[in-house]
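In: What follows is a predicted structure for the sequence shown.
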Amino acid sequence: MFPPVNGLRVLMYHAVGTPALGDELGLFSISPNLFKQHMTLLAGSQNVRVVRFEQASLDDLGCRVAITFDDGYLDNLDVAAPILSEIGIPFTVFVTSDFVRNRKAGFLSPEALRELGTFPGAQIGSHGASHVALTKCDESALNNELISSRHYLEDILGVEVRKLAYPFGAVDRHVRDAAFMAGYTLGACSFSGVNSLGRDPLLLRRTEISALDSGRVFRQKMHGDWDWYRWRSQDPIFL
């Protein structure tokens, strides 16, 4: 087998062991056992270096992998964080701030978010304020989604929040530029593939991991065998 594709590969998870929001097909809630299998495979992979998402320096010196979660499920604290901590893998959770503020069932509360932030290797980013597609927002709503969510999370955590994952992967050049003006330095898309030299740090590709991905498929995705999937959608870097 050829070595994995060089560059930064960002893996995207959602829920671990509990139902995911609007997930009628059951694709976005991976079982804890399968998630642990994935992380064990990752930790034991040769020619792969696990990094924090904020260490997203874009060079072509080997394959680097970062772990991210979208939405801010409570199971990210109760289930995923202990597994990742035990194995020694850093991770970033992108949190929808209104879910925290309103104590939405199944999601992180303010207290749980603070606890999550204390785990070794844990980092918190924004997933917008209300989990709407940012490309459908008018200017006022867009700025509120980006700025209010960041400030709310910073107030809870007492640290800067400069990382963003676009809800539903909905991003174009206008949303990207608004994120930059709102103070974000890294942005995660849902567009598939690896990130290599010259990729816009506010439009970082991610590799989606689903509940159906066996250990074999997980290895394939880490290796880059599924990167062809990116040709099925329009990359926002060209919009």
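Out: The structure has been received and is ready for your questions. Keep in mind the model is a prediction, meaning the values are calculated, not measured.
In: Longest helix in the protein, by number of residues?
Out: Counting residues, the longest helix found in the chain (DSSP state H) is helix 139-157.
In: Now do the buried residues in that helix.
Out: For helix 139-157, the neighbour count (16 or more other CB atoms under 10 Å) marks 142, 144-154, 156-157 as buried. Using the backbone N, CA and C atoms, a C-beta is placed for each residue, glycine as well.
In: contact partners of it?
Out: Contacting residues not belonging to helix 139-157 are listed as 95-98, 100-101, 110, 113-114, 117, 124, 126-130, 132, 134, 137, 160-162, 164, 175, 178-179, 182-184 [CB atoms under 8 Å, 6 or more residues apart in numbering].
In: Tell me which of those fall in strands.
Out: Of the contacts of helix 139-157, the ones assigned to strands by DSSP state E are 95, 124, 126, 164.
In: still on that earlier bit, restricting to C-alpha, output the longest helix of the chain in PDB.
Out: Provided in PDB are the C-alpha atoms of helix 139-157 (Å, rounded to 0.1, in the frame of the first residue of the first chain):
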ATOM      1  CA  GLU A 139     -25.700  40.700   6.900                       C
ATOM      2  CA  SER A 140     -27.000  41.500  10.400                       C
ATOM      3  CA  ALA A 141     -27.900  37.800  11.200                       C
ATOM      4  CA  LEU A 142     -24.600  36.600   9.800                       C
ATOM      5  CA  ASN A 143     -22.600  38.900  12.000                       C
ATOM      6  CA  ASN A 144     -24.600  37.900  15.000                       C
ATOM      7  CA  GLU A 145     -24.100  34.200  14.300                       C
ATOM      8  CA  LEU A 146     -20.300  34.700  14.100                       C
ATOM      9  CA  ILE A 147     -19.700  37.300  16.800                       C
ATOM     10  CA  SER A 148     -22.200  36.500  19.500                       C
ATOM     11  CA  SER A 149     -21.300  32.800  19.500                       C
ATOM     12  CA  ARG A 150     -17.600  33.500  19.800                       C
ATOM     13  CA  HIS A 151     -18.100  36.100  22.600                       C
ATOM     14  CA  TYR A 152     -20.400  33.800  24.600                       C
ATOM     15  CA  LEU A 153     -18.000  30.900  24.400                       C
ATOM     16  CA  GLU A 154     -15.100  33.100  25.400                       C
ATOM     17  CA  ASP A 155     -17.100  34.400  28.400                       C
ATOM     18  CA  ILE A 156     -17.700  30.800  29.600                       C
ATOM     19  CA  LEU A 157     -14.200  29.400  29.000                       C
END
